[in-house]
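1. sequence first, then the predicted structure:
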Amino acid sequence: MRQNAFPLANNRLLRLLPLLVIVGLLLGACDKVKEVVPDAIKPEPKLAAANFHLGTVTAVDPQNRSDSAQKANEEAAKVLALMNAFYSAAFLDPAKWEGGQHPDLAPLFTAEAQPGVAANLTSLAMSDLSDKIESVESGVQNVDRLTMFVDEDGSLPVGLASVSFEAVAQPEDGGDEVTIRHAASYWLQRDGDGYRISAFTADLKAGAE
Amino acid sequence: MTHPSRPLLRRASIAGTVLFSMVIGLVWWTLAPIFGRAEAAETVGISKVAGAEWRPELGEPLFIAVLGTDVRSGPPGGGGGRCDAIHIVAINPQQKAGTILNFPRDSKIAGYTKVNAACTGGVGPMVQALSSATGIPIQYYVTTEFTHFTNLVNDLGGVDVNVPYNMRDSFSGADFRPGVIRMDGRAALAFTRNRHDTPRGDFSRTDNQGLFMLASLAKFRAEAADPHRIFDYMQAGRRHLKTDVPINEVIKLLLLARQVDPAAVKNITINGSTGSSGGASVVFLAPGDTYNRVKDDGIY
C-alpha cells in the first residue's frame, strides 16, 4: 500500500491554497491601488499670482529734460500691468489656457503684431504643454530692464522691456515637477493710456531639474 | 478503509484550485487599470525648448532720400543750403537687401542746372526732383548738415571705415591711408567731403558717402545685438537728423536693419560725365537701366 509521507499537510494545503492565492494576488495589487477621485470633488489647483517686479528703468530723451526719468517710472507701472496680464494668461492661470489657445494674449499685442502671436504661441505661452500641466507656482517674475524713449513732444511712444520668468509646474499625471524658464524682450507701443506689444523675442525652456 | 473516490477528489481539488486562481488572476488583470495598475509603467517626463523672434513686416520696398546740406551750423534740414550729399536708399524688407544710389551734386536733372540747388528751397523740392528724374517713388527723407553730422558720429562713438585709397586734401581736411580707420565726427566729415584727392572727383565723393553709410550699418548691427542699444541710435538720430519717418516706422526700420547684412546692399554711383552748361560745370548723368532695375523691388 502506497503511503503518503505528508497526508495531513497535503489536505490542509489543498484547502488553504485558493485562499492563499487570493490573498497573494490582492497583496500584490494593493500597492498599485490608487485612489480614484472623481473630478467633481478634486480640489481646485492653487492659482499662482502674477506679480512682476521692476528692475532698471532708463529714460532716453534726446533733449535731456529733467522730468524724463520720472515720466519713465510712471509709465513703468503700466508696463508691469501689461506683463502681469500677459504671464497670467500665458503661464500662471490654467483657466485662461483654453486648451493651449490662450485667447487673452492676442489683445495685449498691436493689431499688426497679433498674427505673430498665433504663429509663435509655443514660445510665448504654455501652449502645447497646457493639457499636461495641472498647476503652476512662480518664483521669478522680473522686468529686468525697461527702456522708454521720450519723444520731442515729451510723450513716451515706444519702449523695450526685457523680462525673466521662472515657475514650477505640477504635471497632470503626477510625474516629476517641471521647471519653466521664460526669457523675453517685448517692444512696446503706446496705445491710448497704456501699451501693447509690437514685436518680441522669446525663449522658453521646460523640463525636470 | 480508503474511500474509493478520494484520489479523484484530490486531483479535482488541485485542478479546481488552479482554475480558480487563473480566474482570479484574469479578473484582477482586467480591473487593474481602474486601480492605476497601468500607471506602474514609467512616465515620460515633460521637456520642451522653444524660441521665436518676431517683428512687424514693412511689406513693400521702401525708398528714402538721404541728403546732406553744406550748411555749416544750424538745425538739420533747416534749409538755406545746397545738398552736397544726395542719395536714394532702397530697402527690400522681404529680401533683407537693398541699394544705395549715389548722385553727384552737380547732376543736371529735373530741370536743375545743378540738382544740389534744389535743397535751397527745402527738402521737398529735392525729393521731388529725384523722384521725377528716376521714376522711383520716394516715401521718406533724412537730412542733416555739417555740425550735426559731426556730432551724430561722435555721439555714437565713431565709425570704422575701410578707406579705399590715400587721401590728402586741404579743402576737406581729409588725410588718410588705405585701411580700416575708426573715424570720429571730424574725420567722418572730411572723408565724406573730399573730392579733390579722389580718382573721379565728385563721383568718388558720393561713392565714399555710400561706403560710409554701409560702414554705419555694420556698426549698428554689431551694437544692436543688445536691443536696448537701439535707443542710443534713436536718441542720436532725433538730435542730429531731420526726417519724416514716423517713430513706429523708425522702430520697424531699425529692427529690420539688425537683420540686413551690409554685403546685401549694393553701393551704386550713377554713371555720367562732366561737362558744361550755360557756363557752369555740370554732370551729365548716364544711368542706363539703373533706375529701372531698382525702382520696383529696391534691388540692383
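-> Great, that's in hand. None of these values were measured; they are calculated from a predicted model.
2. quick one, strands of the stretch 201-300 of chain B?
-> B:242-243, B:265-269, B:272-277, B:280-285 (DSSP state E, counting those that start in this stretch).
3. wait, which of those strands is closest to residue A:89?
-> strand B:242-243 (37.2 Å; Cβ to Cβ). Where you see a C-beta, it was placed from the backbone N, CA and C, and this is true even at glycine.
4. does the spatially most central residue of chain A count as helix, strand or coil?
-> The residue lying closest to the centre of chain A (Cα atoms, centre = their mean) is residue A:91, at 3.0 Å. Put simply, residue A:91 is helix when judged by DSSP: H, G, I helix; E, B strand; the rest coil.
5. mind listing what it touches?
-> If a contact means Cβ atoms under 8 Å, 6 or more residues apart in numbering or on different chains, then residue A:91 has A:125, A:126, A:136, A:138, A:165, A:167, A:180, A:182 as its contacts.
6. and those residues, which is closest to residue B:203?
-> Set against residue B:203, the nearest of those by Cβ to Cβ is residue A:182 (53.5 Å).
7. grab the nearest non-local neighbour of that closest one.
-> residue A:165 (4.3 Å; Cβ to Cβ, 6 or more residues apart in numbering or on different chains).
8. and if you look at residue B:105?
-> residue B:116 (4.0 Å).
9. how about a markdown table for the strands of the stretch 201-300 of chain B, with mean neighbour count and distance to residue A:98 added?
-> A markdown table is the format used below for the strands of the stretch 201-300 of chain B (neighbours: other Cβ atoms under 10 Å in any protein chain shown; distance: least, Cβ to Cβ, whole Å):
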| stretch | mean neighbour count | distance to residue A:98 |
| --- | --- | --- |
| strand B:242-243 | 20 | 43 |
| strand B:265-269 | 21 | 45 |
| strand B:272-277 | 13 | 64 |
| strand B:280-285 | 18 | 61 |
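10. nearest to residue B:156 among these would be which one?
-> The nearest among the strands of the stretch 201-300 of chain B, by Cβ to Cβ, is strand B:242-243 at 16.2 Å.
11. what pairs with the closest one, parallel or antiparallel?
-> Strand B:242-243 pairs in its sheet with strand B:140-144 (antiparallel), by DSSP bridges.
12. in the chain, which strand has the most residues?
-> Assuming you mean chain A. strand A:133-149 (DSSP state E).
13. not quite, go with chain B.
-> strand B:83-92.
14. each with direction, which strands does that strand pair with?
-> Checking strand B:83-92 against DSSP bridges gives partners strand B:62-69 (antiparallel), strand B:97-102 (antiparallel).
15. only C-alpha atoms, please: export that strand in CSV.
-> Taking Å, rounded to 0.1, in the frame of the first residue of the first chain, the C-alpha atoms of strand B:83-92 are listed here in CSV:
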residue,chain,number,x,y,z
CYS,B,83,22.8,119.4,-50.9
ASP,B,84,26.4,118.0,-51.3
ALA,B,85,25.3,114.5,-50.3
ILE,B,86,22.4,113.2,-52.5
HIS,B,87,21.3,109.5,-52.2
ILE,B,88,18.3,107.3,-52.6
VAL,B,89,18.5,104.4,-50.2
ALA,B,90,16.3,101.5,-51.4
ILE,B,91,15.3,98.8,-49.0
ASN,B,92,13.7,95.4,-49.8
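16. tilt between that strand and strand B:265-269?
-> Inter-element angle recorded for strand B:83-92 and strand B:265-269: 140 degrees (by axes from the mean of the first three to the mean of the last three Cα atoms, to 10 degrees).
17. how far is strand B:83-92 from where the chain is centred?
-> Remark: strand B:83-92 is offset 15 Å from the chain centroid, using Cα atoms, centre = their mean, to the nearest Å.
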